[in-house]
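In: Provided below for reference: sequence and predicted model.
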Amino acid sequence: KQEVTQIPAALSVPEGENLVLNCSFTDSAIYNLQWFRQDPGKGLTSLLLIQSSQREQTSGRLNASLDKSSGRSTLYIAASQPGDSATYLCAVNDFNKFYFGSGTKLNVKP
Amino acid sequence: DGGITQSPKYLFRKEGQNVTLSCEQNLNHDAMYWYRQDPGQGLRLIYYSQIVNDFQKGDIAEGYSVSREKKESFPLTVTSAQKNPTAFYLCASSSGGSSPPNTGELFFGEGSRLTVL
């Protein structure tokens, strides 16, 4: 069964810093990997989707990379802002079932 | 606007009662999913459906039931057999359907919070 781990569990940074969130998974035979943002009490908002054949995806200040062979993905957030404060989750698509990490809770201080 | 609608947003249940959570999507997606989220934990899969009139158990299906009579709708019933039903329930859909590989993006509703009194 696929196991997904996210490190760190929580992160607090001053505004303007660049930061990296990590996601690892145990079985490299995945279809895709997706990064989400979750605000308190809300559903998940999709940020980036990386297909298994891709190495990275970019959207604005966000860049996600995927290394299937090592079972790792990173989400890079440039020039962080207080509005980026949320929980970030990664999910891997493993034979039409999606497995989630426990998330990284990010706090960006003004 | 296209999206996923979950209702109710908040629900209170007495012990011994069954309750049904609604999930409707207008994205024309084949696949739909139900997840449970507990504080400080990741999402756990309850049930999923790749096509109308077919669904499969996820990792924590005990005490739950679903139906998929229409493509747009995937209701979840939390039965009295579910020992610890207080949680945040999330419905999702993707375009992958029953034809592999599913390379579709996963979209979520706003969630339903169930509390057992």
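Out: Alright, I've got the coordinates.
In: anything in the worst-scoring helix or strand of chain A on mean pLDDT near chain B?
Out: Taking mean pLDDT, DSSP states H and E as the measure, the helix or strand of chain A with the lowest value is strand A:97-100, at a mean of 89. Yes. Strand A:97-100 is in contact with chain B by Cβ under 8 Å from any Cβ of the partner chain, via A:97-100. C-beta here means a position set from N, CA and C on the backbone, and glycine is covered the same way.
In: now the residues you listed as TSV including neighbour count?
Out: Output for the residues of strand A:97-100 next to chain B, formatted as TSV (neighbours: other Cβ atoms under 10 Å in any protein chain shown):
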residue	neighbour count
A:Lys97	16
A:Phe98	27
A:Tyr99	22
A:Phe100	24
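In: between those residues, which sits nearest chain B?
Out: Taking Cβ to the nearest Cβ as the measure, chain B lies nearest A:Phe100 of these, at 4.2 Å.
In: got a list of what the closest one touches?
Out: Applying Cβ atoms under 8 Å, 6 or more residues apart in numbering or on different chains to A:Phe100 gives the contacts A:4, A:89-91, B:35, B:42-43.
In: same deal with A:Leu21?
Out: A:6, A:8, A:11, A:74-75, A:77, A:88, A:104, A:106.
In: what's the closest non-adjacent residue to it?
Out: Closest residue to A:Leu21 apart from its sequence neighbours, by Cβ to Cβ, 6 or more residues apart in numbering or on different chains: A:Leu75 at 4.4 Å.
In: which SSE is that neighbour in?
Out: strand A:72-77 (DSSP states H and E).
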